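*Asks:* Here is a sequence with its predicted model. Questions after.
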Amino acid sequence: MQRKTYAVIDGEILKENIKEIKKKYPNYEYYIGVVKNNAYHHGIKCVLDLIDGGVNYLAVSSLEEALEIRNYQRDIPILCLEPIPLEYLDDVLNTGVTITVDSLDYLKELERQDVYCELKIHLKIDSGMHRLGFTSARDVKDAVEMIQNQKKWVLEGIYSHFATLGITDSLWDKQVEKFLEITKEIDLENIPMVHFGRSATLVQHPKLDFCNGIRLGIVMYGFAQSRVDGTDLRSKLRVWKRKYLQKKNQCSKTYLQNDLKLKTAFSLYSTIMSVRKVYSGDFVGYNAYPVKEEGYIYTLPIGYADGVTKEFGYVSIHEEKYPIVSDSMDMIMVYGQVKFDVGTKVEIFGKNISIQEVSQRTHQNAYHLLNQISNRVTRVHKNKAREEEIIY
């Protein structure tokens with residue numbers, strides 16, 4: 001590792017997270033692990049841990065991501081959530097990737113292609129998000145008939161995606177109704193896979209009777225999304241408002257708390273590359289941070305190009321927190337009054353500073369926070385006592 005900045009991904013934690021999820025929510029047949037964007041920047045190699053834990057299908061956003069997974073696992077079914085340009089159909093067929101079909105026009109174009117082996121298809125329904133998908137029952141019926149008339153086409157699944165959490169709004173319920181309306185002219189029981197959801201759907205709503213699959217995202221990586229209401233006035237007002245909106249909008253049943261015992265598998269580290277003595281009246285970094293007391297500036301080889309900014313607040317050195325006082329594209333500067341050696345290990349987040357803590361300080365959710373840690377940060381994949389350095 002030339003640049004002493006790296007993330008450690010604990011594969012054993014990922015395995016245990018999946019086992020815990022399946023133990024608490026055992027009523028699905030398909031547990032679809034969403035591993036888009038380099039598995040939420042955990043690194044694609046971690047798909048092996050997710051599969052060992054019990055994930056039996058994967059989902060990605062692009063063909064490129066699916067092909068990267070095939071470098072590690074040849075057999076797991078993979079759904080591409082975006083329609084794939086048919087000029088790359090050979091890659092799809094040769095690697096067994098499942099495609100998303102979101103319109104009759106796409107199917108008609110597919111009819112003109114040479115499909116020389118089995119091609120698995122999932123239909124995407126636009127239940128109200130207006131991003132991708134079929135919008136009419138007639139088109140869905142026609143699509144199903146077209147697929148059934150092709151010998152090598154296999155209609156394996158049908159799915160949609162929620163636009164909201166559905167805790168205080170009626171849009172979640174309306175989307176369920178819209179999905180059933182758009183699929184009313186086909187028999188959903190004849191479709192092997194019906195999946196409609198994400199992590200929040202799993203933990204915050206009862207299972208939909210017609211769904212046998214659930215797409216798992218952030219929950220796999222250690223975020224249970226369980227909400228605990230405080231006892232202060234602001235929290236009480238928030239609870240009152242939530243109950244008022246739930247009653248006003250006639251929201252279906254939701255669960256805000258769950259007892260999932262999950263851990264985050266991603267921790268981020270750097271090292272001190274420079275130690276400089278500073279005195280009261282000195283200034284530090286681009287923003288000219290004013291030094292008030294004599295101390296030291298520790299410069300670390302990690303910056304906003306890696307996804308780490310001054311807004312992270314603190315780092316941990318030997319289990320003590322020290323403030324980040326300046327940032328730049330490739331480095332951050334930390335102030336303290338202890339003289340550490342060059343090469344000292346520094347935790348950005350991990351055991352002593354949780355991702356949730358950083359998320360609160362930066363006002364970013366875990367999705368954004370994890371996905372902004374760039375791929376130029378080396379991933380160290382850890383499985384039991386074995387560690388492997390991977391550069392993506």
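*Replies:* Yep, it's here.
*Asks:* okay, CA-based contacts and neighbour counts for the rest of this
*Replies:* OK.
*Asks:* what are the phi and psi angles of residue 383?
*Replies:* Main-chain dihedrals, residue 383, degrees, to the nearest 10: phi -140, psi 110.
*Asks:* tell me the contacts of it?
*Replies:* Contacts for residue 383 were tallied using CA atoms under 8 Å, 6 or more residues apart in numbering; they are 10, 11, 12.
*Asks:* quick one: it and residue 170, what's the gap?
*Replies:* Per CA to CA, to the nearest Å, residue 383 is found 43 Å from residue 170.
*Asks:* residues near the spatially closest residue to residue 345 that is not a sequence neighbour, how many?
*Replies:* Using CA to CA, 6 or more residues apart in numbering and skipping residues adjacent in sequence, the residue nearest residue 345 is residue 271, 4.6 Å away. Residues within reach of residue 271, counting by other CA atoms under 10 Å, total 23.
*Asks:* Low-confidence regions, this protein specifically.
*Replies:* 1 (pLDDT under 70).
*Asks:* If we only consider the contacts of residue 383, which is nearest to residue 79?
*Replies:* Checking those against residue 79 by CA to CA gives residue 11 as the nearest, at 22.5 Å.
*Asks:* Neighbours of that closest one, how many?
*Replies:* There are 25 residues near residue 11, going by other CA under 10 Å.
*Asks:* same check, this time on residue 243
*Replies:* 15.
*Asks:* tell me the contacts of the nearest residue to it once chain neighbours are set aside?
*Replies:* In this structure, residue 243 finds its nearest non-sequential neighbour in residue 168, 7.8 Å apart by CA to CA, 6+ apart. Residues near residue 168 by CA under 8 Å, 6+ apart: 242, 243, 245, 246, 249, 251.
*Asks:* from what I can see the fourth one touches residue 172, true?
*Replies:* No: with contact defined as CA atoms under 8 Å, residue 246 and residue 172 do not form a contacting pair (11.9 Å).
*Asks:* Doesn't residue 247 belong to a helix?
*Replies:* Yes: judged by DSSP: H, G, I helix; E, B strand; the rest coil, residue 247 forms part of a helix.
*Asks:* Contact partners for it?
*Replies:* Taking CA under 8 Å, 6+ apart, one finds nothing in contact with residue 247.
*Asks:* And the protein, split by domain according to the record?
*Replies:* Domain segmentation of the chain under automatic domain parsing yields 11-220+227-248, 266-390.
*Asks:* and residue 255, which of those is closest to it?
*Replies:* Residue 255 sits nearest to domain 11-220+227-248 of all the domains of the chain, at 4.5 Å, using CA to CA.
*Asks:* how far out from the middle of the chain is the closest one?
*Replies:* 13 Å (CA atoms, centre = their mean, to the nearest Å).
*Asks:* before we move on, the earlier item: could you dump the contacts of residue 168 into CSV with distance to residue 298 added?
*Replies:* Putting these into CSV (distance: CA to CA, whole Å) gives the following:
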residue, distance to residue 298
242, 45
243, 49
245, 49
246, 50
249, 53
251, 52
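*Asks:* Between those, which sits nearest residue 373?
*Replies:* Nearest member of those to residue 373, counting by CA to CA, is residue 242, at 33.5 Å.
*Asks:* The closest one: how many residues sit nearby?
*Replies:* For residue 242, using other CA under 10 Å, the count is 15.
*Asks:* if I've got this straight, it is in a helix?
*Replies:* Yes: Residue 242: assigned to a helix according to three-state DSSP.
*Asks:* hang on, the earlier thing: am I right that the residue nearest to residue 345 is in contact with residue 2?
*Replies:* No: the criterion here is CA under 8 Å, and residue 271 misses it with residue 2 at 11.7 Å.
*Asks:* where exactly do the helices run in the stretch 51-200 of the chain?
*Replies:* 63-69, 89-95, 104-111, 137-148, 171-182, 199-204 (DSSP state H, counting those that start in this stretch).
*Asks:* Packing partners of the fifth one?
*Replies:* Contacts of helix 171-182 with other secondary structure elements, assessed using 3 or more CA pairs under 8 Å, 6 or more residues apart in numbering; DSSP states H and E, are made with helix 137-148.
*Asks:* What residues sit buried inside the helix it packs on?
*Replies:* 137, 139, 140, 141, 143, 144, 147 (16 or more other CA atoms under 10 Å).
*Asks:* Touching, the third one and residue 134? I think so.
*Replies:* Yes: proximity of residue 140 to residue 134 meets the contact threshold set by CA under 8 Å, at 6.6 Å.
*Asks:* shared neighbours, these two?
*Replies:* With CA under 8 Å, 6+ apart, residue 140 and residue 134 have common neighbours residue 182.
*Asks:* Kindly format the C-alpha coordinates of stretch 35-46 as CSV.
*Replies:* Presented in CSV, the C-alpha positions along stretch 35-46 are these (Å, rounded to 0.1, in the frame of the first residue of the first chain):
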residue,chain,number,x,y,z
VAL,A,35,-24.4,-4.3,-4.6
LYS,A,36,-24.5,-1.3,-7.0
ASN,A,37,-21.7,1.2,-6.9
ASN,A,38,-19.0,-1.2,-5.8
ALA,A,39,-21.3,-2.7,-3.1
TYR,A,40,-22.0,0.7,-1.6
HIS,A,41,-18.2,1.2,-1.8
HIS,A,42,-17.5,-1.8,0.3
GLY,A,43,-15.8,-3.5,-2.7
ILE,A,44,-17.3,-6.0,-5.0
LYS,A,45,-15.4,-8.9,-3.4
CYS,A,46,-17.7,-8.7,-0.5
